[in-house]
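In: Model the following, please.
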Amino acid sequence: MIIKKNKRANFWIRLIATLIDLLLFVIFAISSSFFVFNYKQTDFYTENVIYKEIIYRTWLLLLILFIILEYILVPIFSNGRTFGMWICKIKIIKQENNQKLSRAIFDRQRLFAFLWIFVFLGFMLISTDAFLKAARGNKLNNAEKLVFAIPVVLSTIAINLQLFLIITNAKVTRLGWNDKFSKTETVWKNKYEEIFEEEKNELKIYPKKRELPKINAIN
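Out: Numbers count the residues shown, from 1 in each chain. Next up, the predicted model:
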């Protein structure tokens, strides 16, 4: 039996979609930072220490919420497409019919999203004074270096892991490790191919109903 199926997206279009999503996050992070930091003086707009801490962590929380929105919620509610995928006209589909698409998308996106969420949670451990020291290029003490090492190490792991997962997409099958892990595929939205699929004749065997012999009572 010949069926029509969405064609799997190639490596390059998937890479472009990933870069678009990354670019959108970078634009949001940089543009929102102008409301938090005074770049000319390399300082916050307020001198109040408590306000500095609140503003700094609120900004980091906004970045976390943007990651959740862009990489998890948007694909779930837009039928498997991030902003980058929507621009590139590709989407995520599930491989198994008995699998929920929302669950498959969550399994696919959570690794990258959660890693960066932990990175920004790590930055929340850093005080504003230490953050400004690092921004100005001043020397940090040992305790500040230790705290700074947490988000730095996590971000290094996140970047390398993301690059590795992207490279695994460059296969003839066009299925990367993340696709196999989440049991999903990235396909073209409007491009199809015809494939031959064997018909599955499922024969159901029912137990034979046993009929008891009729006994006529003789009075």
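In: Read off the pLDDT value for the residue positioned nearest the centre of the chain.
Out: The centre of the chain sits closest to Gln109, judged by Cα atoms, centre = their mean, with a distance of 2.4 Å. With respect to pLDDT, Gln109 has a value of 86.
In: That one should be in a strand, yeah?
Out: No - the assignment for Gln109, made by DSSP: H, G, I helix; E, B strand; the rest coil, is helix rather than a strand.
In: quick one, phi/psi of the nearest residue to Lys133 once chain neighbours are set aside?
Out: Computed as Cβ to Cβ, 6 or more residues apart in numbering, the closest residue to Lys133 that is not its neighbour in sequence is Leu140, at 5.7 Å. Where you see a C-beta, it was placed from the backbone N, CA and C, and this is true even at glycine. Main-chain torsions, Leu140, degrees, to the nearest 10: phi -100, psi 150.
In: dump the residue contacts of the residue nearest to the centre of the chain.
Out: 71-72, 75 (Cβ atoms under 8 Å, 6 or more residues apart in numbering).
In: For the protein, just list every one of the helices.
Out: 11-33, 49-68, 74-77, 83-88, 101-124, 128-136, 142-167, 177-182 (DSSP state H).
In: by contact count, what packs against the lengthiest strand in the chain?
Out: Across the chain, the strand with the greatest residue count (assigned by DSSP state E) is strand 184-196. Helices and strands touching strand 184-196, by 3 or more Cβ pairs under 8 Å, 6 or more residues apart in numbering; DSSP states H and E, are strand 2-8, strand 90-94, helix 101-124.
In: Just confirm Leu132 contacts Thr42, I think it does.
Out: Yes - using Cβ atoms under 8 Å, Leu132 makes contact with Thr42 at a distance of 6.7 Å.
In: Between those two, tell me which one has more neighbours.
Out: Leu132 (16 against 11; other Cβ atoms under 10 Å).
In: Quick one: residues contacting that one.
Out: So Leu132 contacts 42-44 (Cβ under 8 Å, 6+ apart).
In: before we move on, back to that, top of the contacts of Gln109 by neighbour count?
Out: Most surrounded of those: other Cβ under 10 Å gives Pro75, at 24 neighbours.
In: Quick check: closest non-adjacent residue to that one.
Out: Nearest to Pro75 is Ile105, by Cβ to Cβ, 6+ apart, at 4.9 Å.
In: The one you found: how many residues sit nearby?
Out: Ile105 has 27 nearby residues by other Cβ under 10 Å.
In: The worst-scoring helix or strand of the chain on mean pLDDT - contacts with which helices or strands?
Out: Of all helical and strand segments in the chain, the minimum by mean pLDDT, DSSP states H and E falls on strand 2-8, at a mean of 81. Applying 3+ Cβ pairs under 8 Å, 6+ apart, we find strand 2-8 packed against strand 184-196.
In: quick one: average pLDDT of stretch 85-94?
Out: Here stretch 85-94 scores 92 as its mean pLDDT.
In: now do the same end-to-end measure for it.
Out: Chord length of stretch 85-94, first to last residue, is 16 Å (Cα to Cα, to the nearest Å).
In: Can I get the helices of the chain in TSV including distance to Tyr192?
Out: Output for those, formatted as TSV (distance: least, Cβ to Cβ, whole Å):
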stretch	distance to Tyr192
helix 11-33	16
helix 49-68	32
helix 74-77	21
helix 83-88	17
helix 101-124	19
helix 128-136	51
helix 142-167	25
helix 177-182	19
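In: which of those is buried the deepest?
Out: helix 83-88 (a mean of 20; mean count of other Cβ atoms under 10 Å).
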